[in-house]
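Give me coordinates for this.
(3 chains)
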Amino acid sequence: MAEAEENIRFHEMFHIEGGNFTNAGAISSRVKKILKEGGFPGEIIRRTSIAAFEAEMNVISYASQGKLSLFIMPNFLKVVVKDEGIGIPDVNLAMREGYSTASEKIRELGFGAGMGLSNIKKNTDEMILTSKSGVGTHLEFVIYLDKQAKE
Amino acid sequence: MTVFDIAKSFGLETRAGKDHLDEEVTGGYASDLLSDVIAHSRKGNLWITIQTHPNIVAVATMKELAGIILTGGREPDPVTLQKAEEEGIPILVSPVFTFELVGRLYKKGISGLSPC
Amino acid sequence: MKLREIQDILEAEMVTGDADLEKEIKYGFAADLLSDVLALGRGSGALTLLITGIIHPQVIYASNIFDLGAIIFVRGKRPTEATLQLAIENQIPLLATPYIMFETCGRLYQHGLRPSISKVKNG
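Alright, predicted model coming up:
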């Protein structure tokens, strides 16, 4: 869904380096900072940051690299995360809480408890996840700013 | 205190190793990092973790641990369960999170330093 | 309880300096797996002490996302330089204790620190 140029209040794109566990969370921290500076309600900031964090961790854990884009629109926030990597063979399985394909290395570094995708779903109002094995994954999620938009 | 005593006192459900709950517990060890458990846990320790994959059984066997407690409502993988049964390693589960479970075990007299 | 008290109970070092010793902490959360930090409930973040063995910058970023009160490293570990710098920038107090995770949680619980999140809902 392409955003009409004139509606975008703010847009920034961040590069995520696959395998860089040491700095996991750096990008979502920047997203949080932007939203804080933008004066958004605490709850909106919290949910967006958490979802972004999980998305970032997935790219780091499974992809060679990825890009996270934050769009601030009049009535909602949108985050798009595209990555290049192994992809997700079975999206439905991956969405199950606790299901994890994390390697030993990933676990040893403190990740891979298998909560990521379901945490994103829990914290967002809309979520689209598509993936192609061996190519990569495309994730988009939306958080409504205007409660009425939900209805 | 045996693994059975602890399971009973804390209302923990046993998912594997029901026939091996007589093991005397020498203390507790809490860690989610396998390398750390391998390095520092002691024989007869009860291992508290949220790791659910089959390697936890290998570690518990290697270090002759009394058993494993998964916290935060975690459930072991099917392969983990199978391996635990084969190796005779008790796996218990708790809906409560690590900080609280350890706190309660500690209060009950299970130490992180010396045999209880 | 204040960080000062926690420091005493755990023979801990205040890695980020003494300025934060008066900071109030009410809850504890122990995790080596950072994805589990996301299990934390809302609201209690600022009064929560993260108890962990991970010394890398990702703990600071994770704490930032949840506005956690302070971090204590167990098992005699000390944060890396990068982690320390980031903690100072983000104003997150860091402590380090020689005690292992089990002992650390046990002592803090005994002294009245409460879990930041109790049972899993559908656990």
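
Tell me where the model's unsure across the chain.
You didn't pick a chain, so chain A it is. Filtered on pLDDT under 70, chain A yields the residue ranges A:1-5, A:98, A:103-115, A:147-151.

look at chain B instead
In chain B, residues with pLDDT under 70: B:113-116.

Residue numbers of it in contact with chain A?
B:32-35, B:50-53, B:55, B:74-75 (Cβ under 8 Å from any Cβ of the partner chain). (Each C-beta comes from the backbone N, C-alpha and C, glycine too.)

all strands for chain C, in order.
C:13-14, C:27-30, C:48-52, C:70-73, C:94-96, C:114-115 (DSSP state E).

Any chance of those strands in CSV with mean pLDDT and distance to A:Lys32 as columns?
CSV is the format used below for the strands of chain C (pLDDT from 0 to 100; distance: least, Cβ to Cβ, whole Å):
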stretch, mean pLDDT, distance to A:Lys32
strand C:13-14, 96, 26
strand C:27-30, 93, 19
strand C:48-52, 94, 17
strand C:70-73, 97, 17
strand C:94-96, 97, 20
strand C:114-115, 92, 25
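
now the strands: where do they sit in chain A?
Going by DSSP E, chain A shows strands at A:10-17, A:63-72, A:76-85, A:126-132, A:136-144.

neighbouring strands for the first one, and are they parallel or not?
This means strand A:10-17. Using DSSP bridges, strand A:10-17 pairs in its sheet with strand A:63-72 (antiparallel).

chain center to stretch C:8-18: distance?
Between the centre of stretch C:8-18 and the centre of its chain there are 12 Å (Cα atoms, centre = their mean, to the nearest Å).

Are that stretch and chain B in contact anywhere?
No - Stretch C:8-18 lies out of reach of chain B by Cβ under 8 Å from any Cβ, never closer than 11.8 Å.

Name the residues that touch that stretch?
The contact list for stretch C:8-18 (Cβ atoms under 8 Å, 6 or more residues apart in numbering or on different chains) reads C:3, C:6-7, C:20-21, C:72-73, C:78-79, C:84, C:87-88, C:92-99, C:104, C:107-108, C:111.

Could I have the PyMOL command that selects the buried members from those?
In PyMOL, this line selects whichever of the contacts of stretch C:8-18 come out buried by 16 or more other Cβ atoms under 10 Å in any protein chain shown:
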select buried, chain C and resi 3+6+7+20+72+73+79+84+87+92+93+94+95+96+97+99+104+107+108
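
ok so, going back, hmm, which of the residues of chain B next to chain A are the buried ones?
B:32-34, B:50-53, B:74.

What is the burial count for the closest residue to chain A within chain C?
Of all residues in chain C, C:Tyr61 sits closest to chain A, at 2.5 Å by Cβ to the nearest Cβ. Using other Cβ atoms under 10 Å in any protein chain shown as the criterion, C:Tyr61 is surrounded by 25 other residues.

Who are the contact partners of it?
A:23-26, A:28-29, A:53, C:86.

And B:Val102, how far from chain C?
4 Å (Cβ to the nearest Cβ, to the nearest Å).

For B:Gly27, grab phi and psi.
The phi/psi pair for B:Gly27 (degrees, to the nearest 10) reads phi 160, psi -180.

Am I right that it is in contact with B:Asn45?
Yes - using Cβ atoms under 8 Å, B:Gly27 makes contact with B:Asn45 at a distance of 5.2 Å.

Neighbour count: these two, which is higher?
B:Asn45 (26 against 22).

check contacts around the residue nearest to that one when sequence neighbours are not counted.
Nearest residue to B:Asn45 in three dimensions, chain neighbours excluded: B:Tyr29, at 4.4 Å (Cβ to Cβ, 6 or more residues apart in numbering or on different chains). By Cβ under 8 Å, 6+ apart, the residues touching B:Tyr29 are B:37, B:40-42, B:45-48, B:65, B:112, C:100-102.

What strands flank whichever helix or strand B:Tyr29 is part of, and is each parallel or antiparallel?
Here B:Tyr29 sits within strand B:27-30, counting by DSSP states H and E. Here strand B:27-30 is paired, per DSSP bridges, with strand B:45-49 (parallel).
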